[in-house]
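S.K.: The following block contains a protein sequence and its predicted model.
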Amino acid sequence: MTSTPAPGPGDAPGTGNPVVLYRADGPVAVITLNRPEYRNAQNSAMTYALDAAFYQAAADDEVKVIVLAGAGKHFSAGHDIGTPGRDIHESFDRRAGLWWDHVNKEGEESRYARESEVYLGMCRRWRELPKPTVAMVQGACIAGGLMLAWCCDLIVAADDAFFADPVVKMGIPGVEYFAHPFVMGPRFAKEFLFTGDRVYADRALQLGMVNRVVPRDSLESETMALAGRIAQMPRLGLALAKKAVNQVEDIIGLQTGMDSVFGLHHLAHAHNAEVGGDSLGGQTIKSMK
């Protein structure tokens, strides 16, 4: 079935292309990040279009499983920190929380309000979507890309996939949706952050970061086959099973841990801005590769 633009803020600037695509294949909805020319870097337009697509899939009674994909060679290189479509100073209709608009606010008030909405708030809500979600990951899954994959229930990785969170180079203790100790264990989470090294698909499978690793040329067919099997289960049973596991993670401390680290994340942004005038510690797209 042909993909259509997801309802949302519109096209990628200068391209005429929708930043997120949506298609329903029987009981499986496929949501695709669509900025391949920028390795699917996530600007706000993409984030809000993605949110609208998740809402569409959640509301469709025919859809039982959702697959999240990235167009092109890479799943996502993370948050947009320098493409022509970077839009951090634009306003969007807020949906993930009650923080006020960040535009025309100063300093940390602006950063905290925006990231509470588009980063931590969005990902937390997507994690709670009462239908199983499967991330289909190829190529790069870096920093903000991790957040999209980690808020999904399952991850199927191509054998060319790699994962990294290099933001300690910015002086920042990991991305906003801080699930690291839960998806890879505390000891390896420290190595992952301290070094910023890439973790390739085979190692990610050993660590329990992903569910399956498959050849790149069969990634879509393998992922859709898994989603199709899951879709044969009763809808309510799937929703309750998902909620059961999520509740146990939260009892262990996922939600409170994220809240505490989100504060440290913004302490680092504020420190960078105070000592260097740049909340990213002077890092750019090129320096973060």
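M.R.: Cool, got the structure.
S.K.: Which residue, neighbours along the chain excluded, lies closest to residue 180?
M.R.: residue 189 (3.9 Å; C-beta to C-beta, 6 or more residues apart in numbering). Where you see a C-beta, it was placed from the backbone N, CA and C, and this is true even at glycine.
S.K.: Quick check: which element contains the one you found?
M.R.: Assigned by DSSP states H and E, residue 189 falls within helix 186-195.
S.K.: Let me see the mean pLDDT of that helix.
M.R.: Averaging pLDDT along helix 186-195 gives 98.
S.K.: dump the residue contacts of residue 139.
M.R.: 39, 70, 72, 73, 74, 75, 158, 160, 161, 162 (C-beta atoms under 8 Å, 6 or more residues apart in numbering).
S.K.: ignore the last one, residue 99
M.R.: 112, 113, 116, 117, 121.
S.K.: so of those residues, which ones are in helices?
M.R.: Under the assignment DSSP state H, those contribute 112, 113 to helices.
S.K.: Going through the contacts of residue 99, which ones are buried?
M.R.: 112, 113, 116, 117, 121 (16 or more other C-beta atoms under 10 Å).
S.K.: The third one against residue 97, yeah?
M.R.: Yes. The pair residue 116 and residue 97 qualifies as a contact (C-beta atoms under 8 Å) at a distance of 5.7 Å.
S.K.: picking up where we left off before, Serialize the contacts of residue 99 to CSV and add fields for pLDDT and distance to residue 265.
M.R.: Formatted as CSV, the contacts of residue 99 follow (pLDDT from 0 to 100; distance: C-beta to C-beta, whole Å):
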residue, pLDDT, distance to residue 265
112, 95, 10
113, 95, 14
116, 94, 11
117, 94, 14
121, 95, 14
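S.K.: Output the contacts of residue 99 in TSV, with distance to residue 227 appended to each entry.
M.R.: Shown next, in TSV, are the contacts of residue 99 (distance: C-beta to C-beta, whole Å):
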residue	distance to residue 227
112	36
113	36
116	31
117	29
121	26
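S.K.: what's the closest of the contacts of residue 99 to residue 266?
M.R.: residue 112 (5.5 Å; C-beta to C-beta).
S.K.: Buried residues, the helix or strand harbouring residue 182. List them.
M.R.: For residue 182, the enclosing helix or strand under DSSP H and E is helix 180-184. Buried residues in helix 180-184, defined by neighbour count with 16+ other C-beta under 10 Å: 180, 181, 182, 183, 184.
S.K.: now swap in stretch 218-232 and tell me
M.R.: For stretch 218-232, by 16+ other C-beta under 10 Å, it's 219, 220, 222, 223, 224, 226, 227, 230, 231.
S.K.: could you pull out the helices for the stretch 1-150 of the chain?
M.R.: 44-59, 107-115, 122-127, 144-150 (DSSP state H, counting those that start in this stretch).
S.K.: Can you list the helices and strands that the first one packs against?
M.R.: The one in question is helix 44-59. strand 20-25, strand 28-33, helix 122-127 (3 or more C-beta pairs under 8 Å, 6 or more residues apart in numbering; DSSP states H and E).
S.K.: picking that back up, of the helices of the stretch 1-150 of the chain, flag the one that's most buried.
M.R.: helix 144-150 (a mean of 26; mean count of other C-beta atoms under 10 Å).
S.K.: pLDDT (mean, whole number) over the helix or strand just after it?
M.R.: Next in sequence after helix 144-150, counting helices and strands by DSSP H and E, comes strand 154-158. When pLDDT is averaged over strand 154-158, the result is 98.
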